[in-house]
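J.: Compute the structure for the input listed below.
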Amino acid sequence: MMACEPEATPQAKSVELVKEDKLNPEQIAAQPFDYRGLVVYELYTDASFTNANENRKSVTGYVSIMADACITWKSSRQDTVSLHTGQAELVAASDGKKESEWLWMLLEELGFKQDRPILCWCDNKGAISIIRDPTNHASTKRIDTKGLYAREVHDKRIIVQYCSTNDL
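T.: Model (predicted):
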């Protein structure tokens, strides 16, 4: 016991333990607690705009995190040349969102019904603006439909939030 260290234990917020509590430990342990609520799924997307490679194609990267563990990740060169960082980030977000859609269905099939949208973290405010606002932006007229997929699934199952590059 000398080497034991404290560990956080999940507990329902509605259960408050006080000295005057009339419940015995067995009754408290028998109270229902939904551990599935602890399974939080987040997606982090990023793009490296026109790396120093000869064809100037950006690199897409995303990682899916569930219960503080990486469950899927991908890093690959984009199919098209992006004209600006917002476009490269939009393609990265679209690729990540496609993976999230698949994971959403897999989790539901396994019995983990997702009752809240998946958080997608992106470090480009321009890309987030294009995803959130379906109006025609001057910069979107040259983005192919693959990049606009992120806009299609926004607000249904996935919500995009800004995250600083340093925090990714």
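
J.: Show the subsequent helix or strand relative to the lengthiest helix in the chain.
T.: Identified as the longest helix of the chain according to DSSP state H is helix 85-109. The helix or strand immediately downstream of helix 85-109 is strand 118-122, counting by DSSP states H and E.

J.: Report the angle between that following strand and helix 85-109.
T.: For strand 118-122 against helix 85-109, the angle by axes from the mean of the first three to the mean of the last three Cα atoms, to 10 degrees is 160 degrees.

J.: Run through who's touching strand 118-122.
T.: Identification of contacts with strand 118-122 by Cβ atoms under 8 Å, 6 or more residues apart in numbering yields 41-46, 89, 92-93, 96-97, 100, 104, 128, 131, 157-163, 168. In this view, the C-beta of every residue, glycine as well, is placed from N, C-alpha and C.

J.: And the strands in this structure?
T.: With DSSP state E as the criterion, the chain has strands at 41-48, 59-66, 69-77, 118-122, 158-162.

J.: between the longest one and strand 41-48, how many degrees?
T.: It stands for strand 69-77. Going by the same axes, to 10 degrees, strand 69-77 makes 30 degrees with strand 41-48.

J.: who does strand 69-77 touch, helix- and strand-wise?
T.: When contacts are defined as 3 or more Cβ pairs under 8 Å, 6 or more residues apart in numbering; DSSP states H and E, strand 69-77 packs onto strand 59-66, helix 85-109.

J.: repeat for the second one
T.: Applying 3+ Cβ pairs under 8 Å, 6+ apart, one finds that strand 59-66 contacts strand 41-48, strand 69-77, helix 85-109.

J.: Now that we have the ones you listed, can you turn them into CSV and tack on mean pLDDT and distance to residue 60?
T.: Listed next are those as CSV, based on pLDDT from 0 to 100; distance: least, Cβ to Cβ, whole Å:
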stretch, mean pLDDT, distance to residue 60
strand 41-48, 86, 5
strand 69-77, 89, 6
helix 85-109, 85, 4
